[in-house]
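In: Got a sequence here, can you build the structure:
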Amino acid sequence: MTTKERILLSANSTLHFLAAFIFVYGVFIASTFFFSYLSGIESVLFKYKITFVTPDNSSLWTSISIIMIFGMPYFFVLATSLFARRLYDKARRRSNNRKLFLLWVNLQAGAFFWGALLGGMIDAGGFAYFLNWMYIPFFVQVILAVVGMGILFLQHKFALYAFCQNSSRRKYLTRENQRSYKFFIIYIPFLVGFFIFTLLQFPGDEPTDRIVVLMLLFSLFPTLKGLDAEDIKLTRHSRVFHPDWVLVIVPLIVFLLPQLL
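Out: Down below sits the predicted model:
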């Protein structure tokens, strides 16, 4: 791989990584607002964090409203992960940029859900409110967290094949080049993406936020395993820069601009 090819490959994947992360977090924010509205709980969004204005001692905070507000948004995110995987499987072979976006959405939404579960057990916030109000014993929560880590780990077979499938050239997947290719399409976007989000302090520095990042890394680490290039059915579209970029760049600017001001 030439230096130009590495730069283009990493830039393309990083852009879709950022867009996927914002999309997943947007699903969570929107669904939280929706369920707080249904419950009559007043909430505001500041620096991409939701603050509930309704006092804690309000009669509006019922067991049902707590379960909906602190539980259902995470299941919307999980549904997003499953739906993205479904769309990926049905996407045409020519739309490799769209498939790359769906792949990042699938992986990040899955890590978001299971990371929130594990993080809630540690800091007793967020998803933990839902688990506790559902009277789910702590040992069951531990079992669910272990199951979640197992699911994320088992995803590596799909992720490994999918990232390789999005290669525009089979020469990238030879035994000599495959590890380098995966480093530039997977790990560089991961590192650059979270470095950018850290600078922007998005979405935050809570323990759960860090655990979500670690869960995503956990699901990506097994992709270092090699594949036989002949077993991979490549996409036909070979251009890195594509009109699809407009659909990714515009939402990124709209979302990040208030954070920068």
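
In: residue boundaries of the strands in this protein?
Out: 43-46, 49-52 (DSSP state E).

In: Among those, which comes closest to residue 80?
Out: Taking C-beta to C-beta, strand 49-52 is the member of these nearest to residue 80, at 17.8 Å. C-beta coordinates here come from the backbone N, C-alpha and C atoms, glycine included.

In: In terms of secondary structure, what does that closest one contact?
Out: Applying 3 or more C-beta pairs under 8 Å, 6 or more residues apart in numbering; DSSP states H and E, we find strand 49-52 packed against helix 3-39, strand 43-46.

In: what's near enough to touch the closest residue to residue 103 other than its chain neighbours?
Out: Once flanking residues are discounted, residue 103 sits nearest to residue 162: 5.0 Å by C-beta to C-beta, 6 or more residues apart in numbering. Residues in contact with residue 162 (C-beta atoms under 8 Å, 6 or more residues apart in numbering) are 88, 99, 103.

In: ok, residue 162 to residue 169 distance?
Out: Applying C-beta to C-beta, to the nearest Å, the value for residue 162 to residue 169 is 17 Å.

In: now do residue 216
Out: Residue 216 sits 27 Å away from residue 169, going by C-beta to C-beta.

In: The two - which one has more neighbours?
Out: residue 216 (25 against 12; other C-beta atoms under 10 Å).

In: hmm, back to that, just the helices and strands packed on strand 49-52: most buried one?
Out: Ranked by mean neighbour count under mean count of other C-beta atoms under 10 Å, these are led by helix 3-39, which reaches a mean of 19.

In: now that helix: how far from the chain's centre is it?
Out: Taking the mean of its C-alpha atoms, helix 3-39 sits 7 Å from the chain's own mean (C-alpha atoms, centre = their mean, to the nearest Å).

In: now for it, which elements pack on it?
Out: Short answer (3+ C-beta pairs under 8 Å, 6+ apart): helix 3-39 packs on strand 43-46, strand 49-52, helix 63-90, helix 96-123, helix 188-199, helix 244-260.

In: tell me the mean pLDDT for the first one?
Out: The predicted model assigns strand 43-46 a mean pLDDT of 80.

In: what comes into contact with that strand?
Out: 29, 32-33, 36, 50-54.
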